[in-house]
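K.L.:
sequence first, predicted model second:
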Amino acid sequence: MKKASLIPLFFLVLGILPSLCSGKELPKIAVWDLMPRGVNTAYAQELTSILVSEISKIGKYEAYSQENVRTLAGWTAERMALGCTDAKCLTALGQMDVTKLISGSVGKIGNTYSVSLNLFDTLNARAEKAVSEFCRTEDELIPLIQVAVRKLLGEELVPAKTGEKPVGKEEKPSERPRQERELKQQLQVTIEPGRPRLGEAAAPITIVEYSDFQCSYCVKAAATLNELTRKYPGKIRIFFKHFPLTDLSRLEAKYFEALALQSSGLAWRFYEMAFANQQRIAKDKDRALQQIVAELGADLKRLSKDLNNEELAIRISQDAKEAREMGFQGVPVFLINGISLFGAQPLQEFERVIRLVEERDRNQKE
């Protein structure tokens, strides 16, 4: 979503936020990184991200990544590598108000891919349920993850319509019906004059991002947007909107908007630095923010004045209100020419929605 590459950090502190962060008090589920068994480690990590996003989409749980838990508990990386299926670790999670734990693996044996998930009850320190699903191609693993986690949590699977491929095959039906509706009646948002923009003003594709500077999965999503803009120069313009769920991320949102009053470029450089230094900011808060803006060469005297500008606080609140009115319960969420896309999705998902938008626009011109 930016000019410079971001390092995809996954650290989150200060009351650890769920990946698609929710303002509701929901049961908390910790998700351990899926163990790769015959598949690429990086891909297993991506599937873990999708697993967490899918839990959040259900709307009944707050999902916490393994790294979130490590930061909350203060455990070492070596301790985390041991897993958390023993009674002592499960009890410790329960004491942190995490009610469930999901662990598992993604693997390949011969020509068959598998997803195995285990659900643990932390309050009683015991295994509760296990699910295994299988497919023939790597492309089917993403929808297979969606099927497996819904079965694990006892959630109803989305039925396939006549002529559609069933859940667990090649399509992602949880996204498709909603996006098909939005193609006919796209979601409308307000872009105020002066709102910082990344990309050409006349770019045919507009992406509006609702995000939180302290959400670990927003870091991954921002890196994907960055890749997208580099791959399609001149085709995409991006607007950043705020959906902060903590006082710290709300403060960072103010910094972004206050810096935008000095220059749009300065705001976007802060955007990059804020995500790239998420752990540092979570630890040192305002002191780290002040150091970052000094490194960026901002006018600190003007910044101090603008941070108290009530209009900026109103803009941030209006952004969050707008997101909630559209039914969004977490971040990151994207609107691509009015079509919604939830979570830290891979580049291919953004490209798929862009193709849908372009096809719609061509049909409307004919």
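P.N.:
In hand now; what should we look at?

K.L.:
now do the phi/psi pair for residue 95.
P.N.:
For residue 95, the backbone dihedrals are phi -70, psi -20 (criterion: degrees, to the nearest 10).

K.L.:
which strands or helices does the helix or strand containing residue 320 pack on?
P.N.:
Using DSSP states H and E, residue 320 sits within helix 310-325. In this structure, helix 310-325 packs against strand 236-242, helix 247-260, with contacts taken as 3 or more Cβ pairs under 8 Å, 6 or more residues apart in numbering; DSSP states H and E. Bear in mind the C-beta positions are built from the backbone N, C-alpha and C, glycine included.

K.L.:
what packs against the shortest one?
P.N.:
Using 3+ Cβ pairs under 8 Å, 6+ apart as the contact criterion, the secondary-structure elements in contact with strand 236-242 are strand 197-198, strand 205-211, helix 216-231, helix 247-260, helix 310-325.

K.L.:
and residue 84, which of these is closest to it?
P.N.:
In terms of Cβ to Cβ, the element of the helices and strands packed on strand 236-242 nearest to residue 84 is helix 216-231, at 18.2 Å.

K.L.:
would you indicate which residues of the helix holding residue 320 are buried?
P.N.:
Of the residues in helix 310-325, 312, 315, 316, 319, 320, 322, 323 count as buried by neighbour count, 16 or more other Cβ atoms under 10 Å.

K.L.:
quick one, that helix and strand 205-211 angle?
P.N.:
Between helix 310-325 and strand 205-211, the angle comes out at 100 degrees (axes from the mean of the first three to the mean of the last three Cα atoms, to 10 degrees).

K.L.:
what's the first helix or strand after helix 310-325?
P.N.:
Next along from helix 310-325, by DSSP H and E: strand 333-336.

K.L.:
what's in contact with the following helix or strand past that next one?
P.N.:
For strand 333-336, the following helix or strand on the C-terminal side (DSSP H and E) is strand 339-342. Applying Cβ atoms under 8 Å, 6 or more residues apart in numbering, the contact partners of strand 339-342 are 20, 53, 57, 175, 178-179, 182-183, 186-187, 326, 328, 330, 332-335, 349-350, 353, 356-357.

K.L.:
for residue 334, which non-adjacent residue is closest in space?
P.N.:
Nearest residue to residue 334, sequence neighbours excluded (Cβ to Cβ, 6 or more residues apart in numbering): residue 341, at 4.6 Å.

K.L.:
for the one you found, give its distance to residue 178.
P.N.:
10 Å (Cβ to Cβ, to the nearest Å).

K.L.:
quick one, which of those two is more surrounded?
P.N.:
Neighbours were tallied for residue 341 and for residue 178 using other Cβ atoms under 10 Å; the higher tally belongs to residue 341 (21 against 15).

K.L.:
tell me the pLDDT at that one?
P.N.:
According to the prediction, residue 341 has pLDDT 90.

K.L.:
go on, residue 23?
P.N.:
Predicted confidence (pLDDT) for residue 23: 49.

K.L.:
ok, residue 16 next?
P.N.:
Residue 16 is given a pLDDT of 32.

K.L.:
over to residue 163?
P.N.:
Residue 163 is assigned 36 on the pLDDT scale.

K.L.:
list the buried residues for the least confident helix or strand in the chain by mean pLDDT?
P.N.:
For the chain, counting by mean pLDDT, DSSP states H and E, helix 77-81 ranks last in confidence among helices and strands (a mean of 77). Residues of helix 77-81 classed as buried: residue 80 (neighbour count, 16+ other Cβ under 10 Å).

K.L.:
which strands or helices does that helix pack on?
P.N.:
helix 66-73.

K.L.:
now the helix it packs on: mean pLDDT?
P.N.:
Averaging pLDDT along helix 66-73 gives 80.

K.L.:
for stretch 269-289, same thing?
P.N.:
Mean predicted lDDT for stretch 269-289 stands at 93.

K.L.:
could you do stretch 137-149 as well?
P.N.:
For stretch 137-149, the per-residue pLDDT averages 87.

K.L.:
how about that stretch: buried residues?
P.N.:
In stretch 137-149, counting by 16+ other Cβ under 10 Å, buried: 140, 141, 142, 143, 144, 145, 146, 147, 148, 149.

K.L.:
so how many other residues sit close to the closest residue to residue 138 other than its chain neighbours?
P.N.:
Excluding its sequence neighbours, the residue lying closest to residue 138 (Cβ to Cβ, 6+ apart) is residue 113, at 6.2 Å. The local packing of residue 113 (other Cβ under 10 Å) involves 21 other residues.

K.L.:
in a strand, residue 113, correct?
P.N.:
Yes. Assessed by DSSP: H, G, I helix; E, B strand; the rest coil, residue 113 belongs to a strand.

K.L.:
in contact with it, which residues?
P.N.:
Counting by Cβ under 8 Å, 6+ apart, residue 113 has contacts 39, 106, 107, 134, 135, 136, 137, 138, 140, 141, 144.
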